[in-house]
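Visitor: My questions concern the predicted model and sequence given below.
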Amino acid sequence: MTTIEAILDDILRREGGYSDHLADGGGPTNFGITANVLGQFRQWGRRATRAEVQGLTEAEAREIYRRQFVSGPRFDRVPDDRLRALLVDFGVNSGPTRAVKALQHALDVPIDGVIGAQTLAALAGADAEAVYRSVLRERGELLAAILHRDPTQWVFSSGWLRRLMEFV
């Protein structure tokens, strides 16, 4: 069984340390945590400053991931290890709501971006491999659409593809 800690280890490895790339609309990040997410997590009512993002510890980043990208969207309720890891990573990269919607699309349930009773019931009776492939395909299509719509994002394309290929 893939533990949440193992999933977080992989997220932190993929995200790396501090970055402040001009083409990244999220602004400065540390361990993949954006200034907006850090400000929300600390309940400041504002985005974090560059210095505050740089000062983020790995322990706090893990806690943010646990709360906002695992338990908050209820990915911890997904019984299949591979699918859970894919959804958490998809949520980190593109937002948990988008990852939940891809899951709901794969399950052919109403798409509201919330893992509730209906989504969980459908998941319990679904072919995990087919759902996994559908979510992975939708993630790839989303990344392709971003690159098509915004050429400034091509600078991230090889990293996105490498990250996506870890799940193939």
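Guide: That came through, no problem.

Visitor: List the neighbours of the helix or strand of the chain with the lowest mean pLDDT that are in contact with it.
Guide: Sorting the helices and strands of the chain by mean pLDDT, DSSP states H and E puts helix 157-165 at the bottom, at a mean of 92. By C-beta atoms under 8 Å, 6 or more residues apart in numbering, the residues outside helix 157-165 that reach it are R14, D89, N93, L136, R139, G140, L143, L147. C-betas here are computed from N, CA, C, even on glycine.

Visitor: now with 6 Å?
Guide: Applying C-beta atoms under 6 Å, 6 or more residues apart in numbering, the contact partners of helix 157-165 are R14, G140, L143, L147.

Visitor: burial of the nearest residue to the first one once chain neighbours are set aside, as a residue count?
Guide: Taking C-beta to C-beta, 6 or more residues apart in numbering, and ignoring the residues beside it in sequence, R14 has R163 as its nearest neighbour in space, at 5.6 Å. Burial of R163, expressed as a neighbour count using other C-beta atoms under 10 Å, amounts to 19.

Visitor: Poorly predicted segments of this structure, please.
Guide: 1 (pLDDT under 70).

Visitor: Which stretches in it count as helices?
Guide: 4-15, 35-41, 50-54, 58-64, 81-94, 96-107, 117-124, 128-149, 157-165 (DSSP state H).

Visitor: Contacts only, for the residue nearest to V53 when sequence neighbours are not counted.
Guide: Using C-beta to C-beta, 6+ apart and skipping the chain neighbours, the partner closest in space to V53 is P28 (4.5 Å). P28 sits next to D20, A35, R50, V53 when contact means C-beta under 6 Å, 6+ apart.
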